[in-house]
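Asker: Give me a 3D structure for the following:
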Amino acid sequence: MDYESSDDEGVLDLCKELGIRIPPKKKNNNNTTRDNLENIDINNLPVVIIPDNTYVSSEVSVHELFEFHNNVMMVQTTAHSPMLPSNEEPIDINFAQTSVTDPTLMEESTDLAEPMASPLPLSDEVEQYGDLNSGRKRCSKGCSVNKNWTKNNNKKLRMEVKEYLGYRRDSNGSKFRVLHDTIRPARIIGPRCTTEFCKKSQLSARNTIPEEEQNTLFSNYWNNMTREQRKQYVVSNVQVCPKKQVKCKSSSSRRGETKEYF
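Answerer: Below you'll find the model as predicted:
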């Protein structure tokens, strides 16, 4: 529909009053034949950039224009119409302010700030589980005392010439085992050797010491001396002398001295 050639001037006047711009309808002057359409190269078509502010023309009917005009007139009348008086009283927004020093309000505020917590039920009957740390290896870790070990206690008893728990070999079973369940007697001094070699030997002075003095030396050596003191005592009672006789003809003898024991 071409609005420029229409006889309805009232519609055009209404559009001018409302500020509606109606673009004219463009005439189609493209005289394209069928042969030209078939020979068009699709891959080499010209690129047309359409700006953002272009107006899109659309056909508007006369009925739609009249409805739009009526709506605009109603909005203008409602905007300029005076406010009608109302019988309702205005609501006062200002709230009544009370002092915080009121004890009743203070109690209510504390009740709201701290909600009531239901107390947990307490039972007088407490189950006794005992000491949870008893018998645990972790408790004694790093706090062990070596003197209380069975191995060290038996060694101490053995060095003090007392009865101790020793080892024994069990070869009766299918597997060879060493058991630690044998009671060993205390250390005692043995009888003197009565052989002719010991009697005639000049390397030992045991036969020259009486039995009472021999028992005293034995008890002091094992009960009152430490291991280092025992070593020093043995070394002090051994005298080193040069060898008197060489039985080997060659000079490759490994014996270089003679030791005399008292």
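
Asker: Just give the number of residues close to residue 164.
Answerer: 19 (other C-beta atoms under 10 Å). Where you see a C-beta, it was placed from the backbone N, CA and C, and this is true even at glycine.

Asker: Tell me the confidence at the nearest residue to it once chain neighbours are set aside?
Answerer: Excluding the flanking residues, the one nearest residue 164 by C-beta to C-beta, 6 or more residues apart in numbering is residue 157, at 3.8 Å. pLDDT for residue 157: 89.

Asker: what does residue 232 give?
Answerer: 93.

Asker: Please tell me how far it sits from residue 226.
Answerer: According to C-beta to C-beta, to the nearest Å, residue 232 and residue 226 sit 10 Å apart.

Asker: now do residue 212
Answerer: Remark: distance between residue 212 and residue 226 (C-beta to C-beta) = 25 Å.

Asker: Where does pLDDT dip in this protein?
Answerer: The model of the chain has pLDDT under 70 over residues 1-8, 23-66, 68-142, 203, 250-251, 262.

Asker: quick one, domains of it?
Answerer: 147-188, 190-247+255-262 (automatic domain parsing).

Asker: What segments of the protein are helices?
Answerer: 9-18, 34-38, 62-80, 103-113, 150-159, 196-200, 211-223, 227-236 (DSSP state H).

Asker: counting contacts, what elements does the first one pack onto?
Answerer: Under the contact criterion of 3 or more C-beta pairs under 8 Å, 6 or more residues apart in numbering; DSSP states H and E, helix 9-18 touches helix 62-80.

Asker: Repeat that for the fifth one.
Answerer: Helices and strands touching helix 150-159, by 3+ C-beta pairs under 8 Å, 6+ apart, are strand 164-170.

Asker: can you do 10 Å?
Answerer: On a contact count with 3 or more C-beta pairs under 10 Å, 6 or more residues apart in numbering; DSSP states H and E, helix 150-159 meets strand 164-170, strand 177-184, helix 211-223.

Asker: contact partners of the last one?
Answerer: Helix 211-223 is contacted by residues 158-162, 186-192, 206, 209-210, 229-230, 233-234, 237 when judged by C-beta atoms under 10 Å, 6 or more residues apart in numbering.

Asker: mind listing what's buried in that helix?
Answerer: Neighbour-count burial for helix 211-223 flags residue 222 (criterion: 16 or more other C-beta atoms under 10 Å).

Asker: Report the angle between that helix and helix 227-236.
Answerer: Comparing the axes of helix 211-223 and helix 227-236 via axes from the mean of the first three to the mean of the last three C-alpha atoms, to 10 degrees yields an angle of 140 degrees.

Asker: ok and helix 211-223 relative to helix 150-159, angle-wise?
Answerer: Angle, helix 211-223 to helix 150-159, by the same axes, to 10 degrees: 160 degrees.

Asker: any chance of the helices and strands packed on helix 150-159 in TSV, with distance to residue 19 too?
Answerer: Formatted as TSV, these follow (distance: least, C-beta to C-beta, whole Å):
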stretch	distance to residue 19
strand 164-170	121
strand 177-184	117
helix 211-223	131
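
Asker: between these, which gets nearest to residue 9?
Answerer: Of all the helices and strands packed on helix 150-159, strand 177-184 sits nearest to residue 9, with 130.5 Å by C-beta to C-beta.
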